[in-house]
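Undergrad: predicted model follows, preceded by the sequence.
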Amino acid sequence: MFDQCSVNIYPIIYKININELISKNRMSHLTGLYTPYSVNRPLTQQEKVDQLHQGQQNCEIQRIRDKDTVIKMNSTYLETVDRYYVDKGNASLLTFTMFSIIIGFIIYGTIIVLERYFYWDTEPDVSKIMPPVIMFAAMIFFCVKWTLKEWFRKTHYPIRFNRNNKMIYVYQVNGQILSIPWNEVFFTYAKGKGAFPEWGIDGHILADDKETVLQTFSLGFYGSKYELSGYWEFIRCYMEEDVVKELAETIVMCPPVADWKEGYKFGLQYSFRLCSRFDRVRFIVLPIILLESISRYIAMKTSKIPQ
């Protein structure tokens, strides 16, 4: 039963306060994609304090949320998107824009040099040309490298929770699949860096000493700590409780990326979830959302579906 969630492509309106808007940091949640996880280290005291325990029900949770991350759900497994899927295309929009500006400067500079050479008979001064050439070359390298973190990669990196064999399967950025027993993962709240950090949930695979972090992966949603508590309870209940039918009824939208690539229309509407939260600034955010939707579409169309 519940072989796959039905898809609702209409934008969803959420209520959110301004503190949650301010708390969004657009880069720190990309740890694992742009920057590596911190591994081969002991657990911090804060991670131990913020640990999320399997087998322990949180009775204070008023609402269990899937946060629009569920791709598939049935009586055997639950599959969700990765944490990078939500803002896919945003970072590459910035880096590709920088790349385009740099190329524009290079073309302009080349025209000036050629004009002086052919029309003014002025020999180019190599000592003055080489420093900006080296600088622009380095900037182009990093822009292309960062853009290709989202373009020509995978449409998403699914996380599968199998309730029958109590296993988690994580499709990693490097293409490998991490398989780990549910009860052997050390889950904890993870606070991002920066002045206005967001929160996520990290799963640590520990060494035999139960202190050393060997590998880390992140669940498919980041946001406020309050939202994350409901999201964690959704995952935990699926793996440990006999409430599959009840959980399925709470799901409103499933990203349609299980067997095909996300289309532009859905990607735009998915991005509009953020825009629709803030009626007063909707027209300010709208141009950014439209630009991000184009970059997201390019990222989806140039990437492959994970197999």
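TA: Looks like it came in fine. It should be emphasised that the depicted structure is a prediction, and the values quoted were computed from it without experimental measurement.
Undergrad: C-alpha only now, for contacts and for neighbours.
TA: Fine.
Undergrad: list the buried residues for stretch 60-75?
TA: Ile64, Arg65, Asp66, Lys67, Asp68, Thr69, Val70, Ile71, Lys72, Met73, Asn74, Ser75 (16 or more other CA atoms under 10 Å).
Undergrad: strands - which of the residues you listed land there?
TA: Of the buried residues of stretch 60-75, the ones assigned to strands by DSSP state E are Val70, Ile71, Lys72, Met73.
Undergrad: show the pLDDT at the last one.
TA: In other words, Met73. For Met73, the pLDDT comes out at 96.
Undergrad: isn't it up against Ala248?
TA: Yes: counting by CA atoms under 8 Å, Ala248 is a contact partner of Met73 at 7.4 Å.
Undergrad: about what we covered before: any chance of the ones in strands among the buried residues of stretch 60-75 in JSON lines, plus distance to Gly32?
TA: Formatted as JSON lines, these follow (distance: CA to CA, whole Å):
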{"residue": "Val70", "distance to Gly32": "21"}
{"residue": "Ile71", "distance to Gly32": "21"}
{"residue": "Lys72", "distance to Gly32": "24"}
{"residue": "Met73", "distance to Gly32": "25"}
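Undergrad: which one of these is nearest Pro255?
TA: Each of these was scored against Pro255 by CA to CA, and Ile71 proved nearest at 5.7 Å.
Undergrad: where does the stretch 51-200 of the chain have low pLDDT?
TA: Low-confidence segments of the stretch 51-200 of the chain (pLDDT under 70): 59, 62, 121, 194-195.
Undergrad: which stretches of it form helices?
TA: In the stretch 51-200 of the chain, the helices defined using DSSP state H, counting those that start in this stretch lie at 90-119, 126-147.
Undergrad: Val39 is nearest to which of those?
TA: helix 126-147 (22.1 Å).
Undergrad: need the contact partners of the closest one.
TA: The contact list for helix 126-147, computed with CA atoms under 8 Å, 6 or more residues apart in numbering, reads Tyr34, Ala91, Ser92, Leu93, Thr95, Phe96, Met98, Phe99, Ile102, Ile106.
Undergrad: shouldn't the first one be in contact with Lys149?
TA: In this case it means Tyr34. Yes: counting by CA under 8 Å, Tyr34 touches Lys149, with 7.2 Å between them.
Undergrad: so what's the residue most central in space within the chain up against?
TA: Centroid-nearest residue in the chain: Tyr84, 1.2 Å away (criterion: CA atoms, centre = their mean). Applying CA under 8 Å, 6+ apart to Tyr84 gives the contacts His29, Leu30, Leu33, His156, Gly220.
Undergrad: just give the closest residue to the second one, not the sequence neighbours.
TA: Of all residues beyond its chain neighbours, the one nearest Leu30 is Tyr84 (6.4 Å), with distances taken as CA to CA, 6 or more residues apart in numbering.
Undergrad: in the protein, which spans are strands?
TA: 41-42, 51-52, 70-73, 77-80, 159-162, 167-171, 177-181, 185-191, 199-206, 212-218.
Undergrad: how about the ones you listed in a markdown table, adding distance to Tyr238?
TA: As requested, those are exported to a markdown table (distance: least, CA to CA, whole Å):
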| stretch | distance to Tyr238 |
| --- | --- |
| strand 41-42 | 30 |
| strand 51-52 | 15 |
| strand 70-73 | 10 |
| strand 77-80 | 8 |
| strand 159-162 | 8 |
| strand 167-171 | 12 |
| strand 177-181 | 15 |
| strand 185-191 | 16 |
| strand 199-206 | 17 |
| strand 212-218 | 18 |
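Undergrad: out of the ones you listed, which comes closest to Val285?
TA: strand 199-206 (22.6 Å).
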